[in-house]
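Colleague: no sequence on this one, just coordinates:
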């Protein structure tokens, strides 16, 4: 058994994924240390000892990111966008992002409880405000053995006549061409891709820490360079592991609209009170809480969510500049995730842009 001490002033999580090692326990430690007990195999998610990464800071907040790489990248599944995997973000002594699972298992479809562990499959092993283009391009028209496109991932192989599922690890035929530009306070990712079926695009995503403020902006553009129209839907999973505190009554979610849910939360764990969803019980063991956060209107102003944790004394606000298509909540004992969706329509030769703004802040405990 290896015990590794990691300085929190570095992108700590990025240095814990060692080849042939599985993270079994991530425990809170004094301010400058994390203790990671490492066993067995983590190679299903991390093929190399040092997945490519970047660290950025604006002097107020700092963040660590994993970078796309078809061979050695930290995330190489076919569910989430490969760009912008944020493995840590620190502000005012709080850390907002990092692993929400304790081990990997390629046999797991999504995630699974294995004793005291939370095991994650290849498809779902991402973290932070990661995104998924939930509607693939050309899947329904492709024949088994043919190809389709997942934006932010690449050209994928359709295995058989089964319906599409985000949790299948499809063969990657072509990951496209990735270009990455880094500065002190930003990382810009560009993926260019062309599929013989007629889809093509130039996808650019920039993560930028605003000067002198506890703010992060994630800006996107898609230029349709193919012959076929792009019609997709993107959401941000927003895996929040604020100070690694358990999901429970210290958490409150606030929206600008009165929440009307066709699928409300389990009343044992949370209730809706007007514009808020409030946890009333700590999630433990295999507890899971989900809900639909409906009731929003057609204005982009309703894409505005606040999540606060009174025990941590910290919160965040995330806003979008397009109307919501849907919004939902998913949470287990180790992570809480508000998932806003928007539509992505891009005709041939056209460009579509969208931006998320994240503001981090403290509150009285």
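Modeller: Received, thanks. Everything quoted here is computed from the prediction, not taken from an experiment.
Colleague: any idea how far residue 71 is from the residue nearest the centre of the chain?
Modeller: In the chain, the residue lying closest to the centroid (CA atoms, centre = their mean) is residue 130, at 2.2 Å. Distance of residue 130 to residue 71, given as CB to CB, to the nearest Å: 20 Å. Bear in mind the C-beta positions are built from the backbone N, C-alpha and C, glycine included.
Colleague: and for residue 221?
Modeller: For residue 221, the distance to residue 71 - CB to CB - is 27 Å.
Colleague: of those two, who's got more company?
Modeller: Using other CB atoms under 10 Å as the criterion, residue 221 and residue 71 rank with residue 221 on top: 17 against 10.
Colleague: OK, contacts around residue 294?
Modeller: 259, 260, 261, 262, 326, 327 (CB atoms under 8 Å, 6 or more residues apart in numbering).
Colleague: my bad, residue 184
Modeller: 56, 57, 58 are the contacts of residue 184 under CB under 8 Å, 6+ apart.
Colleague: re the thing from before, doesn't residue 240 make contact with the residue nearest to the centre of the chain?
Modeller: No: checked against CB atoms under 8 Å, the pair residue 130 and residue 240 is beyond contact range at 11.6 Å.
Colleague: before we move on, the earlier item: so what's the residue nearest to the centre of the chain closest to, chain neighbours aside?
Modeller: In space, and not counting its chain neighbours, residue 130 is closest to residue 80: 4.8 Å by CB to CB, 6 or more residues apart in numbering.
Colleague: what is the neighbour count of that neighbour?
Modeller: 23.
Colleague: can we start the residue count at 577 from this point?
Modeller: All set: I'll call the first residue 577, so the last point we hit is now residue 656.
Colleague: which element, helix or strand, includes it?
Modeller: Using DSSP states H and E, no element contains residue 656; it sits outside every helix and strand.
Colleague: correct me if wrong: it contacts residue 812.
Modeller: No: applying CB under 8 Å, one finds residue 656 not in contact with residue 812, separated by 10.1 Å.
Colleague: report the beta-bridge partners for residue 642.
Modeller: With DSSP bridges as the criterion, residue 642 is bridged to residue 629, residue 661.
Colleague: which residues touch it?
Modeller: 590, 627, 628, 629, 649, 650, 651, 661, 663.
Colleague: what's the closest non-adjacent residue to the fifth one?
Modeller: Meaning residue 649. residue 627 (5.7 Å).
Colleague: could you grab the helix/strand/coil label for that neighbour?
Modeller: Classification of residue 627 using DSSP: H, G, I helix; E, B strand; the rest coil returns coil.
Colleague: still on that earlier bit, if I look at the residue nearest to the centre of the chain, how far off is residue 781?
Modeller: 11 Å.
Colleague: okay then, goodbye and thanks.
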